[in-house]
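Enquirer: Can you look at this prediction? I've put the sequence above it.
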Amino acid sequence: MSSTDNLNRREFINKAGKAAATAATFSIVPAHVLAKSGKIPPSDKITVANIGCGTQGLREMGEMLVNPKIQVIAVCDPNKYSTDYLDWSAHGIRNNIRKVLNDKSWGEGVTGIPGGRDVAQKYVNQYYKQKKACKAYEDFRDLLEKEKDLDVVKVMTPDHTHAPIAIAAMKKKVHVITHKPIANRLAEGRLTIETTRQEKVLTNLLAWKPISDHKLILDWINDGAIGTLKEIHNWSFRPVWPQWHLEPTDTPPIPKNFNWDLWLGPVPDRPYHPNFTHNVFRGWYDFGGGSIADMGHYSLFPLFDNFGIDRGPTSVKAYGTTNRQVINQVCRGVKNDSAFPYSSMVRFKFPAQRALPAFDLFWYDGGMKPFAPPELEADDRDIPFEGMMFVGDKGKILASFLGENPEIIPSARMKAYEGEKQVKKADEVDRTATWAESILNNEEAGGSFLKAGTVTDTINLGAIAIRTGKKLEFDSENMKITNEKSANQYLTREYRKGWEMG
């Protein structure tokens with residue numbers, strides 16, 4: 001679009017957003033540029049590049065396409081096209097795409113679960129009814145160099161490439177939306193957050209959402225309903241992907257049209273294997289963050305935000321399941337330094353916060369969870385499949401995994417408490433609309449990277465504790481593990497040439 005002061009389109013959106021925020025309004029598009037249909041012209045939409053076109057990238061693509069304030073102009077993935085992806089259902093993504101496109105024939109004749117940049121490009125172009133509405137790239141660096149009119153990148157790649165992509169985009173003054181985690185190394189997470197601060201761009205970690213019941217829980221705690229808070233427990237049934245404990249020894253050929261070197265990104269060279277890629281990357285120390293990163297961001301990020309937990313753990317200790325293999329008819333223990341265990345338990349010790357005393361945070365995954373406390377047994381109930389529990393010296397609060405639907409236990413205690421469930425349920429959050437509006441208003445989103453430092457440190461420290469099996473003392477100010485110095489290597493990684501960070 002043109003303007004009298006020669007602003008480019010991105011500058012116009014930012015300035016208009018500031019004006020809209022000042023006036024406490026949302027409309028940034030002048031009436032004279034609206035088409036007669038009332039639709040926002042493409043030149044006045046937020047332009048987005050979706051980097052990472054696997055299952056989750058395609059699953060969330062429709063939310064952007066149907067949003068009238070967003071224009072998807074590019075997609076990127078080192079995989080051109082294949083049908084070997086894993087997902088949680090055989091046809092869930094296909095059916096979602098059919099619904100968005102209003103095309104019941106989409107994907108007919110395709111065997112397996114498709115993904116890659118070609119699928120994403122065709123999806124976008126078919127929705128916009130334009131053959132060249134969206135460009136496809138293999139390398140995100142080429143995309144950032146060539147797309148001069150880009151407002152936002154949405155990072156949907158495996159965890160190990162989140163930080164390098166985000167930082168590269170921010171240095172181009174492009175806003176960043178990312179799937180969890182910000183990074184799967186603590187040092188990279190801090191560098192990414194610091195780059196956000198330096199480049200003054202807008203960011204959003206998609207795991208955040210408002211959870212109104214947190215306020216109710218905090219009110220109960222402050223009112224003394226469970227006495228002094230001592231512990232927070234959080235448990236998930238994840239992982240839901242195949243979890244290996246040894247690196248593969250066979251070396252199948254690299255699939256055609258798949259750039260394995262680019263997929264590796266900063267990780268040192270190793271032979272290609274399908275056990276690393278697509279939806280199973282989360283289970284490997286190099287490529288993922290395990291179940292704690294996969295699900296802990298959803299539960300802990302909003303909790304830390306609402307509870308004012310901004311001082312990270314001072315120590316962490318973890319246990320994981322062990323493995324055995326048969327060698328010459330003898331069962332031998334497996335030394336696993338490659339992949340997260342099938343299940344784990346992690347204890348973090350947190351210092352006193354602004355409004356909370358010092359407390360312990362316990363994480364469980366892979367089917368591990370606390371035993372039912374006496375308060376639940378009094379009601380003849382078992383501990384739920386997933387959940388969150390707040391333990392004080394005079395009682396307990398049980399909630400769902402995200403901290404929703406809290407109750408003081410046992411039920412008799414809940415009924416006797418005067419402040420029972422006086423909370424208005426929050427509406428279901430459209431995560432895409434939330435970050436889109438923050439960018440249009442030129443203001444930080446609820447999930448801004450600037451608010452995610454504590455949860456990023458916590459989860460990445462948990463991963464190191466799981467990997468080492470040692471109790472780790474952490475000096476947050478100096479970013480150093482003080483008692484087990486060899487563990488400091490896992491705060492960062494060995495980088496391939498050309499991928500160095502910092």
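Expert: Alright, I've got the coordinates.
Enquirer: would you list every one of the strands in the stretch 401-502 of the chain?
Expert: Counting by DSSP state E, counting those that start in this stretch, the stretch 401-502 of the chain has strands at residues 407-409, 472-475, 480-481.
Enquirer: Show me the residue sitting in the middle of the chain in space.
Expert: Most central in the chain under CA atoms, centre = their mean is residue 180, positioned 1.4 Å from the mean C-alpha point.
Enquirer: residues touching that residue, list them.
Expert: Residue 180 makes contact with 205-207, 293-294, 297-298, 301, according to CB atoms under 8 Å, 6 or more residues apart in numbering. Heads up, the C-betas are built off the backbone N, CA and C, glycines and all.
Enquirer: where in this protein is pLDDT low?
Expert: By pLDDT under 70, the weakly predicted segments of the chain are 1-39, 41-42, 418-428.
Enquirer: can you give me the strands for the stretch 151-300 of the chain?
Expert: In the stretch 151-300 of the chain, the segments counted as strands under DSSP E, counting those that start in this stretch are 152-155, 175-178, 203-205, 229-235.
Enquirer: Relative to the whole chain's centre, how far out is the helix or strand hosting residue 316?
Expert: With elements taken from DSSP states H and E, the one containing residue 316 is strand 315-320. Averaging C-alpha coordinates over strand 315-320 and over its chain gives two centres that are 22 Å apart (CA atoms, centre = their mean, to the nearest Å).
Enquirer: Pull out the buried positions in it.
Expert: Buried residues in strand 315-320, counted by 16 or more other CB atoms under 10 Å: 315-318, 320.
Enquirer: Out of the strands of the stretch 401-502 of the chain, which is the most enclosed?
Expert: Across the strands of the stretch 401-502 of the chain, averaging neighbours per residue (mean count of other CB atoms under 10 Å) puts strand 407-409 on top, at a mean of 21.
Enquirer: returning to what we had before: in CSV: the contacts of residue 180, plus neighbour count.
Expert: Supplementary listing: the contacts of residue 180 in CSV, determined by neighbours: other CB atoms under 10 Å:
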residue, neighbour count
205, 25
206, 23
207, 24
293, 24
294, 24
297, 25
298, 18
301, 26
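Enquirer: so of those residues, which ones are in helices?
Expert: When these are checked against helices using DSSP state H, the ones located there are 293-294, 297-298, 301.
Enquirer: In a markdown table, list those residues along with distance to residue 500.
Expert: A markdown table is the format used below for these (distance: CB to CB, whole Å):
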| residue | distance to residue 500 |
| --- | --- |
| 293 | 23 |
| 294 | 27 |
| 297 | 26 |
| 298 | 31 |
| 301 | 28 |
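Enquirer: Determine which two of the residues you listed are furthest apart.
Expert: Put simply, by CB to CB the two of these set farthest apart are 294 and 301, 12.8 Å from each other.
Enquirer: can you pull out the helices in the stretch 1-150 of the chain?
Expert: In the stretch 1-150 of the chain, helices defined by DSSP state H, counting those that start in this stretch lie at 9-22, 55-65, 92-101, 117-128, 140-146, listed in chain order.
Enquirer: Out of those helices, the one nearest residue 172 is which?
Expert: Closest among the helices of the stretch 1-150 of the chain, using CB to CB: helix 140-146, at 5.3 Å.
Enquirer: what's the closest one in contact with?
Expert: Here helix 140-146 makes contact (CB under 8 Å, 6+ apart) with 49, 51, 74, 76, 135, 137, 150, 153, 165, 168-169, 172, 174.
Enquirer: Which of the residues you listed are buried, as a ChimeraX select command?
Expert: When burial is assessed using 16+ other CB under 10 Å, the buried subset of the contacts of helix 140-146 is captured in ChimeraX by this command:
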select :49,51,74,76,135,137,150,153,165,168,169,174
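Enquirer: Let's have the contacts of helix 140-146 in JSON lines, adding distance to residue 325.
Expert: Below are the contacts of helix 140-146 laid out as JSON lines (distance: CB to CB, whole Å):
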{"residue": "49", "distance to residue 325": "44"}
{"residue": "51", "distance to residue 325": "38"}
{"residue": "74", "distance to residue 325": "45"}
{"residue": "76", "distance to residue 325": "39"}
{"residue": "135", "distance to residue 325": "47"}
{"residue": "137", "distance to residue 325": "42"}
{"residue": "150", "distance to residue 325": "49"}
{"residue": "153", "distance to residue 325": "42"}
{"residue": "165", "distance to residue 325": "37"}
{"residue": "168", "distance to residue 325": "41"}
{"residue": "169", "distance to residue 325": "43"}
{"residue": "172", "distance to residue 325": "47"}
{"residue": "174", "distance to residue 325": "47"}
